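1. What follows is a predicted structure for the sequence shown.
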Amino acid sequence: MTTPAPPRIAVTMGDPAGIGPEIVVKALANLPATAASRPLVVGDLAVMRREAAKLGRRVRAVDAGPAGRSPDDLEVHDPWRRDLSDLPYGQVSARAGEAAATAVIEAATLALDGRVDAIVTAPINKAAMNAAGYRYAGHTELLADLTKSPGARMLLVAPGLRVIHNSTHVSLREAIRRVTPANVRHAIQLLDDALQAMGAAAPRIAVCGLNPHAGEGGLFGSEDDARIRPAVQRACSEGIDAVGPEPADTVFNRARNGEFDGVVAMYHDQGHVAVKVAGFFDGVNVSLGLPIVRTSVDHGTAFDIAGRGAARADSMELAIDIAAAMAARRRPASAPPT
């Protein structure tokens, strides 16, 4: 029997004025030739050559088709040939935002066309991307629009924690509005699918309450009992092992201690704070509900240290590993809520 080739992973360079190109080079330099994936960098060839030279690495321009991995070369797919190596580090610019956004779009297109098996994204700067005319709050929103996936959600992975968010980059008022039985049920299903794709045979899921103490029986609000509990009950009736609503001030610690495989958070900070305390440097962002596998680092462009060689690549390395594992176990995405 022929052993299947490792998944082909498109890795975007991120904002060229930030630490993205640096951590891509560092992560791939640490990836052994026998690794479980074949990385392809998508971005500016000149920028990647500049960063690779600092670590004594070589860059080879390639098409996006199948290719073997050389232990000494970084394969870079650059259909634009813009040469952005003159961009200063640490500054917001429309040129950098344009390059970062188009690299993501190109990588996603390669995945949709079946030319790569997954994509991993380095950090972008939202102000730069918007200055270039891409009016999105972040990667997830851009990819959801590009792939016509209105039900996309963000999953954060850190040591001992896997947390999906019912909503992310919206106001707290809007986040509360989005706590509906259909949306919460969809998040539970996406998390169950993702945990199985990551190797959990029978995932145990906790669902956060919205209000303090999950509403304390209605004393602190009615949303927990009226909107979240029905979603959990429906998920259980359909065979998912879910409990909730659970008080958010204790549930993440319970998950880290092994009681749950994943947690559904109701809004951005409820989940992000817990994950970043658990693993600030080695968290990974996973987009769920897309027709492609996408993971990313869980940090920003770090303009304050860009160009200094001080950036850590822990999160990028883990993002590549998770993307490869999920691509190998690819399952169809769940339908968005109706």
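-> It's in. If you're wondering where the values come from, they're calculated on a predicted model, not measured in any experiment.

2. going forward, measure contacts and count neighbours with C-alpha atoms only.
-> Fine.

3. mean confidence for stretch 275-292?
-> Taken as a whole, stretch 275-292 has a mean pLDDT of 88.

4. Which strands or helices does the longest helix along the chain pack on?
-> For the chain, the helix with the greatest residue count under DSSP state H is helix 94-112. Secondary-structure packing of helix 94-112 (3 or more CA pairs under 8 Å, 6 or more residues apart in numbering; DSSP states H and E): strand 8-12, strand 38-42, strand 118-121, helix 126-131, helix 139-146.

5. Report the strands that pair with the helix or strand following the longest one, each with its relative direction.
-> Following the chain from helix 139-146 toward its C-terminal end, the next helix or strand by DSSP states H and E is strand 153-158. Pairing partners of strand 153-158, with direction, according to DSSP bridges: strand 161-165 (antiparallel), strand 284-288 (antiparallel).

6. Low-confidence bits of the stretch 101-250 of the chain, can you list those?
-> In the predicted model of the stretch 101-250 of the chain, no residue satisfies pLDDT under 70.

7. circling back to that earlier point, for the longest helix of the chain, which outside residues touch it?
-> 10-17, 42-44, 64, 84, 87, 116-119, 121, 124-134, 143, 146, 291-292 (CA atoms under 8 Å, 6 or more residues apart in numbering).

8. now swap in stretch 303-310 and tell me
-> Under CA under 8 Å, 6+ apart, the answer for stretch 303-310 is A17, G18, I19, E22, Y89, G90, Q91, A311.

9. A5: neighbour count?
-> Here the number of neighbours of A5 (other CA atoms under 10 Å) works out to 10.

10. please renumber so the chain begins at 514
-> In the new numbering, first residue 514, that becomes A518.

11. Would you mind naming the helix or strand containing it?
-> Short version, using DSSP H and E: A518 is in no helix or strand.

12. about what we covered before: from the contacts of helix 607-625, which would you call buried?
-> 523-530, 555-557, 577, 597, 629-632, 634, 637-645, 647, 656, 804-805 (16 or more other CA atoms under 10 Å).

13. Tell me which of the contacts of stretch 816-823 fall in helices.
-> Among those, the residues falling in helices (DSSP H) are E535.

14. which residues sit in contact with A559?
-> So A559 contacts D596, L597, S598 (CA under 8 Å, 6+ apart).

15. With A607 as the reference, measure out to it.
-> Distance check for A559 against A607: by CA to CA, to the nearest Å, it reads 18 Å.

16. can you check A707 too?
-> A707 is 35 Å from A607, by CA to CA.

17. where's I637, which helix or strand?
-> Per DSSP H and E, there is no helix or strand for I637.

18. Look up how far P534 lies from the residue of the chain positioned farthest from its centre.
-> Of all residues in the chain, L732 has its C-alpha farthest from the mean position, at 36.2 Å, by CA atoms, centre = their mean. As judged by CA to CA, L732 and P534 stand 50 Å apart.

19. Also A640?
-> Distance, A640 to P534, using CA to CA: 18 Å.

20. same deal with T763?
-> For T763, the distance to P534 - CA to CA - is 38 Å.

21. Neighbour count for the two, which is higher?
-> Set side by side, T763 and P534 show more neighbours around P534, with 30 against 11, by other CA under 10 Å.

22. residues touching that one, list them.
-> With the criterion set at CA under 8 Å, 6+ apart, P534 makes contact with M526, G527, D528, V560, M561, E564, A635.

23. Likewise for A631?
-> A631 sits next to P520, R521, I522, A523, A624, I805, V806, R807, A836, A837, A840 when contact means CA under 8 Å, 6+ apart.

24. So the fourth one is in contact with L541, correct?
-> So that's A523. No. The criterion here is CA atoms under 8 Å, and A523 misses it with L541 at 11.9 Å.

25. list residues touching both of these two?
-> P552.

26. just to revisit the earlier point, the more surrounded of A707 and A607?
-> Set A707 next to A607 and count neighbours by other CA under 10 Å: A707 wins out with 26 against 17.

27. Grab the nearest non-local neighbour of the more buried one.
-> L801 (7.4 Å; CA to CA, 6 or more residues apart in numbering).

28. for the strands paired with strand 666-671, which one sits closest to D774?
-> D774 lies closest to strand 674-678 among the strands paired with strand 666-671, at 6.9 Å (CA to CA).

29. gap between the closest one and the chain center?
-> Centre-to-centre, strand 674-678 and its host chain are 11 Å apart (CA atoms, centre = their mean, to the nearest Å).

30. Pull the distance from the helix or strand just after it to the chain's centre.
-> Reading on from strand 674-678 to the C-terminus, the next helix or strand found by DSSP H and E is helix 685-690. When distances are taken as CA atoms, centre = their mean, helix 685-690 is centred 22 Å away from the chain's centroid.

31. In PDB, please show the C-alpha coordinates belonging to helix 685-690.
-> Output in PDB follows, covering the C-alpha atoms of helix 685-690 (Å, rounded to 0.1, in the frame of the first residue of the first chain):
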ATOM      1  CA  LEU A 685     -20.700  43.500  23.800                       C
ATOM      2  CA  ARG A 686     -24.200  44.700  23.000                       C
ATOM      3  CA  GLU A 687     -24.100  42.900  19.600                       C
ATOM      4  CA  ALA A 688     -22.500  39.800  21.300                       C
ATOM      5  CA  ILE A 689     -25.500  39.500  23.600                       C
ATOM      6  CA  ARG A 690     -27.900  39.800  20.700                       C
END
